[in-house]
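Visitor: this one's structure only:
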């Protein structure tokens with residue numbers, strides 16, 4: 001049985017659920033594809049349960065948009081996913 005190959009994605013974590021949901025909505029509205037996922041323990045402790053998964057090539061744009069909107073990313077990292 002062959003599964004889909006794993007790919008590397010960037011993950012952004014947030015201190016509050018409110019911030020995570022606001023960031024998701026903002027990025028989607030501005031054309032940055034994101035997928036909400038459970039916050040992986042590998043990116044840090046003390047985060048809300050929601051993180052955003054995005055393509056590594058979209059991170060710089062996402063950072064700029066979130067900074068302008070004053071939505072603070074509390075943690076970041078990479079994961080492998082399908």
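Guide: Done, it's in. Quick caveat, the model's predicted, so the values are computed rather than measured.

Visitor: mind checking how far residue 48 is from residue 31?
Guide: 24 Å (C-beta to C-beta, to the nearest Å). The C-beta positions use only the backbone N, C-alpha and C, and glycine is treated the same way.

Visitor: now the helices for the protein?
Guide: 17-29, 59-68 (DSSP state H).

Visitor: okay, buried residues for the shortest one please.
Guide: When neighbours are counted by 16 or more other C-beta atoms under 10 Å, the buried residues of helix 59-68 are found to be 59, 62, 65, 66.

Visitor: just checking, what packs against the worst-scoring helix or strand of the chain on mean pLDDT?
Guide: Here the helix or strand of the chain ranked lowest by mean pLDDT, DSSP states H and E is strand 75-81, holding a mean of 95. On a contact count with 3 or more C-beta pairs under 8 Å, 6 or more residues apart in numbering; DSSP states H and E, strand 75-81 meets strand 7-13.

Visitor: got the buried residues for the strand it packs on?
Guide: Across strand 7-13, burial judged by 16+ other C-beta under 10 Å covers 9, 10, 11, 12, 13.

Visitor: then stretch 22-38?
Guide: Result for stretch 22-38 [16+ other C-beta under 10 Å]: buried residues 22, 23, 24, 26, 27, 32, 34.

Visitor: point out where this structure drops to low pLDDT.
Guide: For the chain, applying pLDDT under 70 flags the ranges 1-2.

Visitor: geometric centre of it: which residue is closest?
Guide: In the chain, the centroid-proximal residue (C-alpha atoms, centre = their mean) is residue 52; its distance is 2.4 Å.
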